[in-house]
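J.: pasting the sequence and the predicted coordinates here, then a few questions.
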Amino acid sequence: MPVRNLSAVALLCLALTCPAAAAVDLAGAAGQYRIDPGASRIGFAIDQIAGRGIAGVFANFSGTIRIDGQQVGRSEVDIDVAPASVSTGQQRVDDFLRSNAVFDVAHEKDISFRSTSVKALSDTSATVIGHMTARGKTGNETFTVQLDSQSKNRITFRITGKVLRSRYGMDVGTPIYSNVVDFEMRLTATRQ
Amino acid sequence: MLYNTPRAYGLVTILFHWCIAVLFIGQIVLGIIMLRLDDQRRVFELIQLHKSIGFVILALVIPRIVWRLAALSPDLPAGMSKAERGAANLSHAALYGLMLALPLTGWVLVSISTLGIVTLAFGKVLIPNLPLAPSDAAELLWSWVHAILAFGAAGLIALHVGAALWHQFVRRDGLLVRMLVPGREEHTGGTR
């Protein structure tokens, strides 16, 4: 096969395998989406003053994402997380996190986040500010959102943020364990 | 009067005795209570306090043992039988051993725990774990060792206190007061 034909084949493969990456942008993803928990992950980590910290995930959560195509800043995000679904890989830690010391799942069923403003940082990233409510306390939190991939009906974001657990009466264990909870989420949502 | 004489305790010995007695008895009571509470936040905080006090006891017991070996010890009250003297010496040696063994087994327990929670004494001083490999089986074993030694210590303390009261109020040889007032000698005219 001539070299020229080989190059054409390579370009064709590239075009076929990477169409989404080339097309990703927030405005182009306008629409209403529902988060798919099976394809998503909400992870968190808390450092310890020495030694290993605590890292875990929440298995049960739900939420919607509405991206405003005209004004990305008017987009909205609502997420509810079931703290009872926390998992760290250690049953004793899970039980402690579910107890009255931290999430108090016997009385508090959800941790919610409702966005109040969205600021576009680029075509594919934004800062989402909103109200987080946990254990009856509400605070303003900020998350950074990066659009990872999108197709016709599905969209995936990578979300990071730091939350001070003392705001929500969950500061047990400080200063042995950091007051800062590092969230790292990958949320895949399906267009409604 | 700082130093012991052949018939009386000095201030150093008396301070060692009562400081460690209060901490040691308090520590046993705390250890029993802290694991029986429902409030998991309080449990966590009391366990950290228990660890902190344990290291204070360890820091006091080592110089106390050195002091006990290096300094003159007052004679046991006159009129005690050979068997009573043997029992008294044995129980005192066992108490010293337990005062050392309990903080050390606690340190082993903390170090070997799969929870990996370090000790930050009184929230200020980081005390490293011993270089031991954490395992659930070893943690269970050492928690039993620690508990059995603690209950053994509680029994021995009860015996020690009972014997001191018996000396003070039945034999009337002033043994208890001798450990309260520096330089106070026993009464030689006991009523046995």
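T.: Okay, I see it.

J.: when you work out contacts or count neighbours from here on, use the C-alpha atoms and nothing else.
T.: Will do.

J.: quick one: contacts for residue B:11?
T.: Contacts for residue B:11 (CA atoms under 8 Å, 6 or more residues apart in numbering or on different chains) come out as B:1, B:2, B:3, B:4, B:181, B:182.

J.: the fourth one against residue B:71, yeah?
T.: Translated: residue B:4. Yes. The pair residue B:4 / residue B:71 is scored as a contact, 7.2 Å apart, by CA atoms under 8 Å.

J.: more neighbours: these two, which one.
T.: residue B:4 (19 against 13; other CA atoms under 10 Å in any protein chain shown).

J.: and the contacts of residue B:11, which is closest to chain A?
T.: The shortest approach to chain A among the contacts of residue B:11 belongs to residue B:2, at 39.9 Å (CA to the nearest CA).

J.: in three-state terms, label whichever residue of chain A sits closest to chain B for me.
T.: In chain A, the residue that lies nearest chain B is residue A:101 (4.1 Å; CA to the nearest CA). Recorded secondary structure, residue A:101: coil (DSSP: H, G, I helix; E, B strand; the rest coil).

J.: what's near enough to touch the nearest residue to it once chain neighbours are set aside?
T.: The shortest distance from residue A:101 to any non-neighbouring residue, by CA to CA, 6 or more residues apart in numbering or on different chains, is to residue B:41 (4.1 Å). By CA under 8 Å, 6+ apart, the contact list for residue B:41 reads A:100, A:101, A:102, A:172.

J.: same check, this time on residue A:168
T.: Residue A:168 neighbours (CA under 8 Å, 6+ apart): A:133, A:134, A:135, A:136, A:137, A:138, A:139.

J.: ok, now residue A:115?
T.: Residue A:115 sits next to A:76, A:77, A:78, A:128, A:129, A:130, A:131 when contact means CA under 8 Å, 6+ apart.

J.: list the residues that contact the closest residue to residue B:4 other than its chain neighbours.
T.: Closest residue in space to residue B:4, ignoring its immediate chain neighbours: residue B:10 at 4.3 Å, by CA to CA, 6+ apart. By CA under 8 Å, 6+ apart, residue B:10 lies in contact with B:1, B:2, B:3, B:4, B:182, B:183.

J.: contact partners for residue A:48?
T.: Residue A:48 makes contact with A:54, A:176, A:177, A:178, according to CA under 8 Å, 6+ apart.

J.: how about the residues of chain A near chain B?
T.: For chain A, the residues in contact with chain B (CA under 8 Å from any CA of the partner chain) are A:49-52, A:93, A:96, A:99-102, A:172-173, A:175-176.

J.: point out the least confident one among those residues.
T.: Going through those one by one, the lowest pLDDT turns up at residue A:51, 85.

J.: that residue touches residue B:114, doesn't it?
T.: No. At 11.6 Å, residue A:51 and residue B:114 do not qualify as touching, with contact defined as CA under 8 Å.

J.: looking from chain A, tell me which residue of chain B is nearest.
T.: Evaluated by CA to the nearest CA, chain B has residue B:41 as its residue closest to chain A, separated by 4.1 Å.

J.: what are the buried residues along whatever helix or strand that residue lives in?
T.: Assigned by DSSP states H and E, residue B:41 belongs to helix B:40-70. Buried residues in helix B:40-70, defined by neighbour count with 16 or more other CA atoms under 10 Å in any protein chain shown: B:40-44, B:46-55, B:57-58, B:60-61, B:64-65.

J.: stretch B:119-139 now?
T.: In stretch B:119-139, counting by 16+ other CA under 10 Å, buried: B:119, B:120, B:121, B:129, B:134, B:138, B:139.
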